[in-house]
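1. Predicted model follows, preceded by the sequence.
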Amino acid sequence: MIKVTVLYPKIEGGEFDFDYYLNTHMPRSIELLGPHMRSIIVERGVNPGEPWPDAQYVAIASFVCGSKEAYESAFLPHAAELQGDIAHYTNIEPIIQISEISIDH
C-alpha cells in the first residue's frame, strides 16, 4: 500500500483558493482517480493557538492505493489536466511525497 501526499507549504505571498480547490479541482481529481484509490483525503492547515505550533502547510492532499504502479496507471493519463489546473487555485509549488504505508489501523 502506498500514499501519495501533495503538500502545499505556507509561504510568504502564497495564495490558495480553497473554494476552487474543494469545489472544482478535487471533485475532478476524485472523478478521474477515485475509482482506483482506496482513499482520497484533503486537509486544511489550521492555527489552533497555544500551545500548538502554527500549521506549516496550507493544504495537504493524500491519495492511498495498492501500489506505485496502480497510482501511476491512474494518474499519468490525467497528469497534464490535473497539474495544469494548479494555477487556478494556488501560486504555491507543491511538494510531492510517495510513502509506503507500514501501519494502517
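-> Happy to help now that I have it.
2. secondary structure element for the residue most central in space within the chain?
-> In the chain, the centroid-proximal residue (CA atoms, centre = their mean) is Ala61; its distance is 2.3 Å. Using DSSP states H and E, Ala61 sits in strand 57-65.
3. Give me the neighbour count for Val58.
-> Neighbour count of Val58, defined by other CB atoms under 10 Å: 20. All C-beta atoms are positioned from the backbone trio N, CA, C, and that covers glycine.
4. Might one say that it is in contact with Asp17?
-> No - with contact defined as CB atoms under 8 Å, Val58 does not reach Asp17; the gap is 10.6 Å.
5. Tell me the residues that contact both of these two, please.
-> Common neighbours of Val58 and Asp17, using CB atoms under 8 Å, 6 or more residues apart in numbering, are Thr90.
6. Report pLDDT for Ser102.
-> pLDDT recorded at Ser102 is 96.
7. And Pro48, by the same measure?
-> So Pro48 comes in at 89 (pLDDT).
8. Number of residues surrounding it?
-> 9.
9. and it, helix, strand or coil?
-> Using DSSP: H, G, I helix; E, B strand; the rest coil, the structure places Pro48 in coil.
10. Quick one: neighbours of Ser67, just the number.
-> 11.
11. Kindly provide the distance from it to Ile101.
-> Using CB to CB, to the nearest Å, we find Ser67 at a distance of 11 Å from Ile101.
12. Now do the strands in this structure.
-> Taking DSSP state E as the criterion, the chain contains strands spanning 2-9, 39-44, 57-65, 95-100.
13. Next, the angle from the longest one to strand 2-9.
-> Right, the one you point to is strand 57-65. If you take axes from the mean of the first three to the mean of the last three CA atoms, to 10 degrees, strand 57-65 sits at 170 degrees to strand 2-9.
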